[in-house]
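Visitor: any chance you could fold what I've pasted below:
(one chain, ligands or ions: 1)
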Amino acid sequence: MLKTGKKEFWFVVGSQHLYGEETLLEVKKHAQEIADGLNESGKLPYPIVLKDELAVSADVITTIMKEANYREKVAGVITWMHTFSPAKMWIRGTQLLQKPLLHLATQYNESIPWATIDMDFMNLNQAAHGDREYGFINARLNVKNEIVVGYWQHDAVQKQVAEWMDVAAAYTESFNIKVARFGDNMRHVAVTEGDKVEAQIQFGWVVDYYGIGDLVAEINQVTEKEIDATFAEYQELYTFELGDYDEQTWIRRVKEQAKIEIGLRRFLEAGNYSAFSTNFEDLYGMAQLPGLAVQRLMAEGYGFAGEGDWKTAAIDRLLKIMAHNKNTGFMEDYTYELTPGKEAILQSHMMEVDPTLASTKPKIVVSPLSMGNREDPARLVFDGKAGSGVVVSMADFGTHYRLLINEVEAFEPTEAAPHLPVARVLWKVKPDFKTGVHAWIEHGGGHHTVVSLNLSSEQIMTWAKMVNLDYVLIK
Ligand code: MN
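Guide: Here you go, the predicted structure:
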């Protein structure tokens, strides 16, 4: 996928001098074992780096947190209270920390050794005691930290840490998301509008406008040789469906998308953009609305949304980072299935459906577009995967942004749709069709969304809390 910076998480272990040096040596040994164990579990998406110095004084803690802030590769801090670590020591450092924080409420030993337990053992292994002192100060400071409770070797605990890491990495990377908007928002449409300055303040997104002519100039630099190379790649990856077109026309239409793809990628790379939006109302100088071209970039990890919807494009990129670009992409609510017992929503877009969601080998289809007033564009057509996941949409309510989160159950279509020239994804909403759709509409959720079959609603909420974003969960 489109690369992000290297990331690691710091493991900071709390204790104090009260128990003597021997105890602290033991604490260090245990901490190293846990850090190694977690790294070797193979379940964590990023490495954990144990800080050599134990968090036994305000000076040590403050220094570590300051360093975590300015080191780019540190995506978050994981703390563990091995023993009792008086929390006044944590106040300054915690106040200064600007990276995500996870309190791992675990213990070195899984079971209480009843046959041998004595007061020395109790003093050494008192995470239950230390967790409460530390938890109090985080609550009092109103820190938006995550708390994971349980034995560090348990699968469920490691899975929770891993999922939080993905959120923390996406949060950190969010401040590097740059969106190129080609053209403005679609005329008359309300929900795609928003305050770009506020989005940069709250989420870190830089949103830059370009006239379509700037992109057209780049597209026109693309050579025939480059187009042929990309077309050859299409031949390897996709099925070609000529439909009613003669072969030459069909190839010309598809090659136009290859040309757009190459120019678009070059433009985005030059400006360090990782997301973009287009608008079919603003295509001056372009032969086709980008369809296949956009889908190819989505597959590489670029965030995208149509009709100038830069917010959804940025969220798409954010969730792609969180999900490692697996089964995650821009979507639009299109058509209801209202037959009792079968209620579902058909999801698609004019063309730009994300191939990371494909369950079938995508085929390239050329078909007229009823909007946009250009030649018939090529696009990838496929059926979407089945799986449970989450769909989100963000809207600007004038005083604040609001995120809608709905849990969904995607399923593979059983009926063919021979006349549908776009990719399709089908899902059922939770808790049930009427309640879910009603709540979505009532809370002002948009028609442009990002769906992920690789993320949970908990992960989305964790991110929302990190950025103080108002959210509504429908599940
Ligand atoms: Mn749309």
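Visitor: please count neighbours and contacts with C-alpha atoms only from this point.
Guide: OK.
Visitor: just give me how far stretch 298-311 sits from the chain centre.
Guide: Shown here is stretch 298-311, whose average C-alpha point lies 13 Å from the average C-alpha point of the whole chain (CA atoms, centre = their mean, to the nearest Å).
Visitor: quick one: end-to-end distance for that stretch.
Guide: Using CA to CA, to the nearest Å, the end-to-end distance of stretch 298-311 comes to 16 Å.
Visitor: that one: which residues count as buried?
Guide: Going by neighbour count (16 or more other CA atoms under 10 Å), the buried part of stretch 298-311 is 298-311.
Visitor: closest to residue 123 out of those?
Guide: The nearest member of the buried residues of stretch 298-311 to residue 123, counting by CA to CA, is residue 301 at 49.4 Å.
Visitor: could you measure from the closest one over to residue 319?
Guide: Distance from residue 301 to residue 319, by CA to CA: 10 Å.
Visitor: number of residues surrounding residue 249?
Guide: Burial of residue 249, expressed as a neighbour count using other CA atoms under 10 Å, amounts to 12.
Visitor: use 878 as the first number for this chain going forward.
Guide: Got it, first residue is 878 now, which makes that one residue 1126.
Visitor: thinking again about what came up before, any residues in contact with both of residue 1178 and residue 1196?
Guide: Both residue 1178 and residue 1196 are in contact with residue 1202, where contact means CA atoms under 8 Å, 6 or more residues apart in numbering.
Visitor: low-scoring stretches of the stretch 1028-1177 of the chain, by residue?
Guide: Applying pLDDT under 70 to the stretch 1028-1177 of the chain flags no residue at all.
Visitor: for it, which segments count as strands?
Guide: Secondary structure of the stretch 1028-1177 of the chain (DSSP state E, counting those that start in this stretch): strands at 1055-1059, 1083-1087, 1116-1118, 1152-1154.
Visitor: okay, now the sheet partners of the last one, with direction.
Guide: In the sheet containing strand 1152-1154, the strands it pairs with under DSSP bridges are strand 1055-1059 (parallel), strand 1180-1182 (parallel).
Visitor: out of the ones you listed, which comes closest to residue 1211?
Guide: Residue 1211 lies closest, by CA to CA, to one member of the strands paired with strand 1152-1154: strand 1180-1182, at 15.0 Å.
Visitor: mind giving me the domain split of this structure?
Guide: For the chain, automatic domain parsing gives the domain ranges 885-1051, 1055-1351.
Visitor: so how far is the first residue of the last one from its last?
Guide: Using CA to CA, the end-to-end distance of domain 1055-1351 comes out at 29 Å.
Visitor: give the buried residues for the helix or strand containing residue 1312.
Guide: Taking DSSP states H and E as the definition, residue 1312 sits inside helix 1310-1319. Buried residues in helix 1310-1319, counted by 16+ other CA under 10 Å: 1310, 1313, 1314, 1316, 1317.
Visitor: kindly report the same for stretch 1201-1218.
Guide: Neighbour counts using 16+ other CA under 10 Å place 1201, 1202, 1203, 1204, 1205, 1206, 1207, 1208, 1209, 1210 of stretch 1201-1218 among the buried residues.
Visitor: tally of neighbours for residue 1193?
Guide: Neighbours of residue 1193 under the rule other CA under 10 Å: 31.
Visitor: cool, the one 4 residues further on as well?
Guide: Other residues near residue 1197 come to 30 when the count uses other CA under 10 Å.
Visitor: so what does the helix or strand harbouring it touch, helix or strand wise?
Guide: Using DSSP H and E, residue 1197 maps to helix 1187-1199. Under the contact criterion of 3 or more CA pairs under 8 Å, 6 or more residues apart in numbering; DSSP states H and E, the helices and strands touching helix 1187-1199 comprise helix 1032-1051, strand 1055-1059, strand 1152-1154, strand 1180-1182, strand 1205-1214, strand 1264-1273, strand 1325-1329.
Visitor: out of those, flag the one nearest residue 1070.
Guide: Among those, the nearest to residue 1070 by CA to CA is strand 1264-1273 (7.1 Å).
Visitor: quick one: name whatever helix or strand follows that closest one.
Guide: On the C-terminal side of strand 1264-1273, the nearest following helix or strand under DSSP H and E is strand 1278-1288.
Visitor: what angle sits between the next helix or strand after that next one and helix 1310-1319?
Guide: Scanning forward in sequence from strand 1278-1288 by DSSP H and E, the next helix or strand is strand 1302-1306. What separates the directions of strand 1302-1306 and helix 1310-1319 is an angle of 100 degrees, with axes from the mean of the first three to the mean of the last three CA atoms, to 10 degrees.
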